[in-house]
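Participant: below: sequence and its predicted model.
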Amino acid sequence: TFLDELTKQSSFFLIGEKGTGKTAYATYLCNNNYKDISATMSFLSTTDYEKFYTLKQQKNLDLTGYEGIWKTILLLLISKSVTENDKVTAAFNRSGINDILAAIDEYYMNAFSPEITTAMKIVDESEIVAKLICEHSEVGGKNGSKIEFTETRFQHNLFYIENKFKTALNKIKLQKNVVLFIDGIDVRPDSIPYTDYIQCIRGLSNAAWTLNTTLFQNLRDSKGRFRIVLLLRPDIYNSLNLQNSATKLLDNAVYLDWGTTYQEYKTSFLYEIGLKLLSYKQPYPISGDIWEEYFDWKIPSTSMERDFDTAFMAFLKISLSRPRDILVILQYLQRKMNRDGLGGKLKFCQSCFESDEFQNNYSTYFVSSLKDQLSFYYSSNEFELFLKFFDFFDDTDFSYEEYKMIYQKFCDYICENAQDIPDFVDNEKELLQLLYDCNIITALEKKGDYQYFHFSYREKNSANIAPKVPVGENITYRFHYGMYKRARLGRY
């Protein structure tokens, strides 16, 4: 399972689209003693990114500078998690790290909390912290060695703090594996330029990778190991352009792929999620398939090979095969039935699912998820312009030639109405690729009497993290069904 893969010492990245369960898996390991793992999670906030951006301007940071800052922060966070959990390591093995953290506590006046925002203050005043660590350690105490720390020697101060942490952690004998999850990487504030943001998280990735593959792999005579795991979307991982990224993705990442088909969905993990959602807090056990107990719909078939489609097939049709999609569909259906006075029924009503109210609500959710995804690359104003593109379509299906004509009309509109020209209109093929990447469109490939649907989320996997949009004479395109109502394209 995904959870078991995540417990492997070689897993340094947890990769999945928004809504696939990255945070849920990390939270589960933080709250449960699964396979004897002690896990904690830290979130990157808007404030953290703004602080990094300020440091970049003040200290003229390059990628190496970012990496050095991140190493210090990560070492502090993972050290704090060790000392706060008595079951992770014996007390007599913590003396070195305790000396360092005593200096940290003195700096924070015993009010340190293991969060990135708090840890950033150490970077801000590295001179003071380095001096305190020196005083609390053997170097500054017993040996009386003279080490100079000044505000102008910023990176020297950080390097000293980093090495003190490394030396102390290298002597620790862990009783269990210690994991630090870093979440919130996929949220870029409008105030931070995209290139600076990428440089910041590339530094984070390099720092985590270096610590995972050097210091943490070489602990001697230790039962447990340290590990840092970054939670990333596939497109963001791809944007980082890491060295040997394809190999890292295959060997050191857990890729959350919930994809299934109409024919095989009953054996899928996604269907199992649906069953668990319906089984939760049931007053009595239900024998058989609980999904079919609640959803006995028989929908007109979309294939000549089936007599009818089921409710779960209908859910797959409007979703991106993500656990969150299934949960949201169930929540919207429940609310609709309660509002219509149908809350006491024993089965979900197909008429509620097919109602304009439900379809409008779900389409709004679909577009909201799209905005969250694109906010990494574009501002709120640019996203509003992007949505305007759909107003130029009169039909759900279109050819490439039709797309090119619509693209030109859209460009004319942008030139007349936008103060700044968004990057996504620079090239017609790049915009088509963006529509495909965001699962706004599917490519329909005609082969003989058969038609094949190519969705980006279905084509995407750990070996093909950025599938290209198909283009050719036998290819046409169609908007995703979840977009229909929001794009005012009618019903499917």
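Facilitator: All right, it came through fine.

Participant: give me the number of residues near Lys173?
Facilitator: Each residue near Lys173 was counted by other Cβ atoms under 10 Å, and the total is 15. Every C-beta, even on glycine, is put in place using the N, C-alpha and C of the backbone.

Participant: so it sits against Asp221, correct?
Facilitator: Yes: A contact is recorded between Lys173 and Asp221 when judged using Cβ atoms under 8 Å, the distance being 6.2 Å.

Participant: what's the first helix or strand after the helix or strand of the chain with the lowest mean pLDDT?
Facilitator: The helix or strand of the chain with the poorest confidence is helix 95-107; it has a mean of 66 (mean pLDDT, DSSP states H and E). On the C-terminal side of helix 95-107, the nearest following helix or strand under DSSP states H and E is helix 116-124.

Participant: elements contacting that next one?
Facilitator: Judged by 3 or more Cβ pairs under 8 Å, 6 or more residues apart in numbering; DSSP states H and E, the packing partners of helix 116-124 are helix 46-59, helix 63-83.

Participant: looking at those helices, which is buried most?
Facilitator: Most buried of the helices and strands packed on helix 116-124 by mean neighbour count (mean count of other Cβ atoms under 10 Å) is helix 63-83; its value is a mean of 22.

Participant: now do that helix against helix 116-124, angle only.
Facilitator: Helix 63-83 and helix 116-124 meet at an angle of 120 degrees, taking axes from the mean of the first three to the mean of the last three Cα atoms, to 10 degrees as the criterion.

Participant: assign a three-state SS to Ser224, would you?
Facilitator: To be clear, residue 224 is Gly; Ser isn't right here. Taking DSSP: H, G, I helix; E, B strand; the rest coil as the rule, one finds Gly224 in the coil state.

Participant: ok, the residue nearest to it when sequence neighbours are not counted to Lys80 distance?
Facilitator: The spatial neighbour of Gly224 that comes closest, neighbours along the chain excluded (Cβ to Cβ, 6 or more residues apart in numbering), is Leu174 at 3.2 Å. Relative to Lys80, Leu174 is positioned 15 Å away (criterion: Cβ to Cβ, to the nearest Å).

Participant: how about Phe43?
Facilitator: Counting by Cβ to Cβ, the gap from Phe43 to Lys80 is 15 Å.

Participant: with Met337 instead?
Facilitator: Relative to Lys80, Met337 is positioned 48 Å away (Cβ to Cβ).

Participant: ok, now Gln373?
Facilitator: If you measure Gln373 against Lys80 using Cβ to Cβ, the figure is 33 Å.

Participant: over to Asp221?
Facilitator: From Asp221 across to Lys80, the span is 23 Å (Cβ to Cβ).

Participant: what is the burial count for Tyr481?
Facilitator: 21.

Participant: that one contacts Phe315, doesn't it?
Facilitator: No: here Tyr481 lies out of contact with Phe315, judged by Cβ under 8 Å, at a distance of 10.8 Å.

Participant: residue contacts, Glu162?
Facilitator: Gly68, Lys71, Thr72, Leu75 (Cβ atoms under 8 Å, 6 or more residues apart in numbering).

Participant: sorry, wrong one. I was asking about Arg225.
Facilitator: For Arg225, the set of contacting residues under the criterion of Cβ under 8 Å, 6+ apart consists of Gln9, Leu174, Asn177, Val178, Phe216, Gln217, Leu219.

Participant: and which of those is nearest to Pro300?
Facilitator: Distance ranking of these against Pro300, using Cβ to Cβ, places Gln9 first at 50.4 Å.
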